[in-house]
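Asker: Just a sequence and a predicted model for now, questions to come.
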Amino acid sequence: MSESVKPYNQSESKKNQVSAMFNRIAPYYDLLNAVLSLGIDTIWRRKAIQQLNKNQPKIILDVATGTADLAIETAKQLNPEKIVGVDISTQMLDIGRTKLKKKSLDQLITLEEGDSENLPFEDNTFDAITVAFGVRNFEHLEKGLKEMHRVLKPNGQLVVLEFSRPSIFPIKQLFNLYFKYILPRIGNLTSKDSRAYSYLYESVQAFPDGKDFVNILSKTGYKSNQCKALTLGICSIYSGFKH
């Protein structure tokens, strides 16, 4: 399970290490995302938010919001009344707040420091919850999913965007080569933290993707769960509802 993979060492909690890692690479995060994904990450986010079009949620929570890219995409596509983004990295949130001010979205979108396993919100608060590239960083995956289920309103929707492991030849081999060997070197040159990008590969390999994650969604209380593979299986969109 993803809980066993940590960025730096096995002695300290995964939560603290993930927070420290993202604080360290925060100034380079957006640039590296664009370069390393060849810009495809923007398309993935757009497709993830399209899952919410049918229900048009008004109050939305973005967990592991980072620098608020998914929250900004949500504001573009939908007509929400309020978006709240939470993250454990203060440096990522600071960069996100600067972006929101430049885009005049700081009244619509608010960013707060918060932990997916202990969300500071009442039960049944949000019409929808989104997570982009964050669930594999949860220290306790099922606990985080249950906590999001708690603050989701009845009939509310969860949408998760996450890396997955392609199985098609030669995409699988190219994916592993790029993520395991090339990406950490680029990350080291740019952010001076190659370990952060080695962790990315390791955490993707350890994450229970596809049907396994759909089963975990069911186990933690979500219904009508679906998985949609993107870009030959490099990434997946998961969707479920609280009934």
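Answerer: On my side now, so go ahead.
Asker: Does Q77 touch Q56 like I think?
Answerer: No. Using CB atoms under 8 Å, Q77 makes no contact with Q56, being 10.1 Å away. Any C-beta I mention is one placed from the backbone N, CA and C, and that applies to glycine too.
Asker: for the longest helix seen in the chain, the distance to its chain's centre please.
Answerer: Determined from DSSP state H, the single longest helix within the chain is helix 14-36. Offset of helix 14-36 from its chain centre (CA atoms, centre = their mean, to the nearest Å): 12 Å.
Asker: Beyond it, next helix or strand please.
Answerer: helix 40-50 (DSSP states H and E).
Asker: could you say what helices and strands that following helix packs with?
Answerer: helix 14-36, helix 69-77, strand 126-132, strand 152-163, strand 223-230, strand 235-241 (3 or more CB pairs under 8 Å, 6 or more residues apart in numbering; DSSP states H and E).
Asker: shared neighbours, Q77 and Q56?
Answerer: Applying CB atoms under 8 Å, 6 or more residues apart in numbering, one finds that no residue jointly contacts Q77 and Q56.
Asker: so where's this structure uncertain?
Answerer: Along the chain, segments meeting pLDDT under 70 span 1-4.
Asker: and with 80 instead?
Answerer: 1-4, 10-11, 32-38, 187-194, 197 (pLDDT under 80).
Asker: Could I have the CA atoms of stretch 157-165 written out in PDB?
Answerer: Presented in PDB, the C-alpha positions along stretch 157-165 are these (Å, rounded to 0.1, in the frame of the first residue of the first chain):
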ATOM      1  CA  GLN A 157     -19.500  13.500  -5.600                       C
ATOM      2  CA  LEU A 158     -15.800  12.700  -5.100                       C
ATOM      3  CA  VAL A 159     -13.400  13.100  -8.100                       C
ATOM      4  CA  VAL A 160      -9.900  11.800  -7.800                       C
ATOM      5  CA  LEU A 161      -7.200  12.400 -10.500                       C
ATOM      6  CA  GLU A 162      -4.100  10.200  -9.900                       C
ATOM      7  CA  PHE A 163      -1.200   8.600 -11.800                       C
ATOM      8  CA  SER A 164      -1.600   5.000 -12.600                       C
ATOM      9  CA  ARG A 165       0.600   2.200 -14.100                       C
END
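Asker: check contacts around the closest residue to E73 other than its chain neighbours.
Answerer: Spatial nearest neighbour of E73, chain neighbours left out: R45 (4.7 Å); criterion: CB to CB, 6 or more residues apart in numbering. If a contact means CB under 8 Å, 6+ apart, then R45 has 69-70, 73, 132, 161 as its contacts.
Asker: from those residues, which is closest to P184?
Answerer: For these, the closest approach to P184 (CB to CB) belongs to A132, at 21.4 Å.
Asker: Could you measure from H149 over to N215?
Answerer: 15 Å (CB to CB, to the nearest Å).
Asker: Of these two, give the one with the bigger neighbour count.
Answerer: The neighbour comparison of H149 against N215 (other CB atoms under 10 Å) goes to H149, with 18 against 12.
Asker: Please, which helix or strand holds Q10?
Answerer: Per DSSP H and E, there is no helix or strand for Q10.
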